[in-house]
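Student: Task: produce atomic coordinates for the following.
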Amino acid sequence: MAERVKSALEARLTPNEARFGSGTGSPCSTSSARMFAAECGDAAKATGADASFALEQIEGRQGFTTLRTVAVGLRSAVASYQRLGCADHPAATATRHACLAPAAVIAQGFPDLRDGADLGLRGA
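Tutor: The predicted model follows:
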């Protein structure tokens, strides 16, 4: 079961991570000028979709605590990023500052989902 979840998730993560990058290579990295642009908005949508997919894969199943926590946190970060309008070049300093935390979570989303699936293999 855990191997099936990991394989299904990996099939989604790999192409999205190749397209959008992750960590400091992500357009959502807090050091990236693209954090306030459509590129990060697109990465956020893909990351959120992968998080939702992960939750669908483990729905009603025991275990996968880390994957569940990561996926829920990612969906929350994506919702905050979108609600704040971070991809639309916000001008207000307070809004730009509020975008930093969700963008950082999104930038690390693909590796964190992968790590959560890996932990599921070990029973965590």
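Student: okay, CA-based contacts and neighbour counts for the rest of this
Tutor: OK.
Student: lowest average confidence, helix or strand, in the protein?
Tutor: Within the chain, confidence by mean pLDDT, DSSP states H and E is lowest for helix 109-121 among all helices and strands, at a mean of 87.
Student: Give the buried residues for the host helix or strand of T69.
Tutor: With elements taken from DSSP states H and E, the one containing T69 is helix 65-84. For helix 65-84, the neighbour count (16 or more other Cα atoms under 10 Å) marks 65-68, 70-82, 84 as buried.
Student: those helices in this protein, which residues are they?
Tutor: Here the chain has its helices, by DSSP state H, at 2-20, 38-58, 65-84, 93-107, 109-121.
Student: So which residues make contact with the longest one?
Tutor: If I follow you right, that is helix 38-58. Outside of helix 38-58, the residues within contact range by Cα atoms under 8 Å, 6 or more residues apart in numbering are 5, 9, 12-13, 16, 20, 26-28, 34, 64, 67-68, 70-72, 74-75, 78, 81-82, 86-88, 106, 109-110, 113.
Student: For the residue nearest in space to the middle of the chain, list the residues it contacts.
Tutor: The geometric centre of the chain, computed from its C-alpha atoms, lies nearest to G109 (Cα atoms, centre = their mean), at 3.1 Å. Counting by Cα under 8 Å, 6+ apart, G109 makes contact with S22, T47, V70, L74.
Student: again with A101
Tutor: Listed by Cα under 8 Å, 6+ apart, the contact set of A101 reads A77.
Student: That one and Q62: what is the separation?
Tutor: Noted for A101: a distance of 30 Å to Q62, by Cα to Cα, to the nearest Å.
Student: Could you do R4 as well?
Tutor: When distances are taken as Cα to Cα, R4 and Q62 turn out to be 14 Å apart.
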